[in-house]
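# heads up, no residue letters with this:
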DNA sequence: GCCGTTTTCGGCCCGACTGTTTTCAGTCG
């Protein structure tokens, strides 16, 4: 049972308790516990085995016991019991915009409503409006929430969110009287998916900014609008795909901008720690300032806020309360990887398999990005659906690479391959052919339904192969579309460390796999990481930036990432590995 | 349910906005 499975179970307990009217702090303890487990960088099974779960902040005796039961038996009788007490439909009702556990419980208690269909019928019959605490407006809002359930409220990928929020921020900046405007929230923290957009602006006069925002062409519905804040549903086409998200704008005076920026960037868990730290000093921290009412502490930037609390500046990507406060206090934060540190990439496709551009076009696009090398990693022979290359085509590609390299200057094409990891864990092609490549990326593209033990053994066997250089997209997930295959990543990372193999951060925004939590773990285990765009066209090389985001969220520095090295260093290292 | 080293009880971040109320509860972030 993975961390996410355990966290999901804890979240569900929290929701079920809420729906029973349980004390909110007790419910929050489960939500906090879920978040803590989700972002644990240590191995959960190990913590269970060592009986040290209870030492993790946020996990007490009760949660430690339940997590232990979940991890060791794969089941939790307490959760099953709660499920039996609460109709499943109530959880769906709770997910509606504007409806929380209290209202769901009231609807259930008073009207016996326990499905979305019954809720709709009750609203249409006018029964909901008659309830104490409800009214005509609430009833109409519930109907609206039911109608928009399919359209909004869904998370989108970071590339989609970035596109939409950039358009909105640009419009806000152009409004009269706006001094500064920034995207905050999960977009600024560079999470792999986003559920909404947070925008902060500063202006001496908020109302006109709010009113203009609510009338932007991207806005399809205004969810709420006050003097300093507006919530809207905004939509746009990003790369041809329709993206609809809730977008919140807050407008503050410019002297409050740093506090607002910090507050609305979150995460919630990070903010709670920061507020607590302020309280420990007899101060208060909120979006309106730091200090006391009598003695506010002026801050011009976010860095000033951290400094006032005796902390190093914490980059937004690290603000998850996963140790960044402690590290900032000890002045031991990593010097995070920067996009400009990247000097080339290794896993990309050309027309030799399922890419859309030639070797030369791809290499020139890499050069245009300022890179020194472009590693090709077309598909191997077994993957017929992606036009995997039989050995004869590989030799043809090698000849063309030599020819293009002789012609081009300022960029070097490296002869790589994305070799399928076959069902038994062996690599595609025989050893002689594999030895002809500069490096080998090993990836799983088939047999996703093996058991976790089988999949783990398969990948670990590939990692043990002397020819393998790096492991591609470790779980095969497609964000918001497909779960990754079941695999014990802890075992995979330990095996990679044992054999000195690199692990890829696949920068395609559909994948972002290895995820940031495991990136942090990989670094702790001494695994060298490599960021690859898995580009199938020249413009996709720029997707590498999303991989840099993941690396930063995983606390990586330039030295932790192979493709920050120069061409000469890369060639020397690859040659050394082939001799070993 | 978790936490704490002035602790084992009494707190738990806190403000904006909405819709229901006529002072506040619920929801959200």
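Thanks, I have the structure now. Here the structure is a predicted model, which means the values were calculated and not measured.
# list the contacts for the closest residue to DNA strand B within chain A?
Distances between chain A and DNA strand B by CB to the nearest atom of the strand are smallest at residue A:135, namely 2.0 Å. The C-beta positions use only the backbone N, C-alpha and C, and glycine is treated the same way. Taking CB atoms under 8 Å, 6 or more residues apart in numbering as the criterion, residue A:135 is in contact with residue A:129.
# ok, now residue A:570?
Contacts for residue A:570 were tallied using CB under 8 Å, 6+ apart; they are A:343, A:344, A:373, A:414, A:562, A:563.
# filter those down to the ones in strands?
When strands are assigned by DSSP state E, the members of those inside them are A:344, A:373, A:414.
# returning to that earlier point: could the contacts of residue A:570 go into a markdown table alongside distance to residue A:89 and neighbour count?
Below are the contacts of residue A:570 laid out as a markdown table (distance: CB to CB, whole Å; neighbours: other CB atoms under 10 Å):
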| residue | distance to residue A:89 | neighbour count |
| --- | --- | --- |
| A:343 | 54 | 21 |
| A:344 | 53 | 24 |
| A:373 | 56 | 22 |
| A:414 | 56 | 22 |
| A:562 | 50 | 24 |
| A:563 | 50 | 23 |
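# on that earlier part again, measure the residue of chain A closest to DNA strand B to residue A:123 for me?
As judged by CB to CB, to the nearest Å, residue A:135 and residue A:123 stand 12 Å apart.
# could you dump the ones in strands among the contacts of residue A:570 to CSV with pLDDT and distance to residue A:302?
Converted to CSV, the ones in strands among the contacts of residue A:570 look like this (pLDDT from 0 to 100; distance: CB to CB, whole Å):
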residue, pLDDT, distance to residue A:302
A:344, 98, 33
A:373, 98, 36
A:414, 98, 40
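# residue A:92: which of those residues is nearest?
Nearest to residue A:92, judged by CB to CB, of those is residue A:344 at 47.9 Å.
# quick one: contacts for the residue lying closest to the closest one once chain neighbours are set aside?
Residue nearest to residue A:344 in three dimensions, not counting chain neighbours: residue A:373, with 3.5 Å by CB to CB, 6 or more residues apart in numbering. In this structure, residue A:373 makes contact with A:343, A:344, A:345, A:366, A:411, A:412, A:413, A:414, A:567, A:570, judged by CB under 8 Å, 6+ apart.
# so what's residue A:373 bridging to?
Under DSSP bridges, the beta-bridge partners of residue A:373 are residue A:344, residue A:412.
# quick one: name the residues of the stretch 201-350 of chain A near DNA strand B.
A:224-229, A:246, A:248, A:264, A:266, A:268, A:271-272, A:275-276, A:279, A:284, A:286-288 (CB under 7 Å from any atom of the strand).
# for residue A:519, see how far away the most centrally placed residue in chain A is.
Centroid-nearest residue in chain A: residue A:192, 2.5 Å away (criterion: CA atoms, centre = their mean). Using CB to CB, one obtains 11 Å as the distance from residue A:192 to residue A:519.
# secondary structure class for residue A:354?
The local conformation at residue A:354, judged by DSSP: H, G, I helix; E, B strand; the rest coil, is coil.
# now it: closest residue in space, sequence neighbours ignored.
Spatial nearest neighbour of residue A:354, excluding adjacent residues (CB to CB, 6+ apart): residue A:386 at 4.2 Å.
# show me the contacts for the one you found.
If you count contacts by CB under 8 Å, 6+ apart, residue A:386 has them with A:353, A:354, A:379, A:445.
# now the residues you listed: which count as buried?
Buried residues within the contacts of residue A:386, defined by neighbour count using 16 or more other CB atoms under 10 Å: A:353, A:379, A:445.
# ok, the last one touching residue A:388?
No: when contacts are counted by CB atoms under 8 Å, residue A:445 is not listed as touching residue A:388 (9.2 Å).
# list the residues that contact both of the two?
With CB under 8 Å, 6+ apart applied, the overlap between the contact sets of residue A:445 and residue A:388 consists of A:379, A:420.
# residue A:453: neighbouring residues, count only.
By other CB atoms under 10 Å, 12 other residues sit near residue A:453.
# what's the closest non-adjacent residue to it?
Among residues not flanking residue A:453 along the chain, residue A:488 sits closest, at 7.7 Å (CB to CB, 6+ apart).
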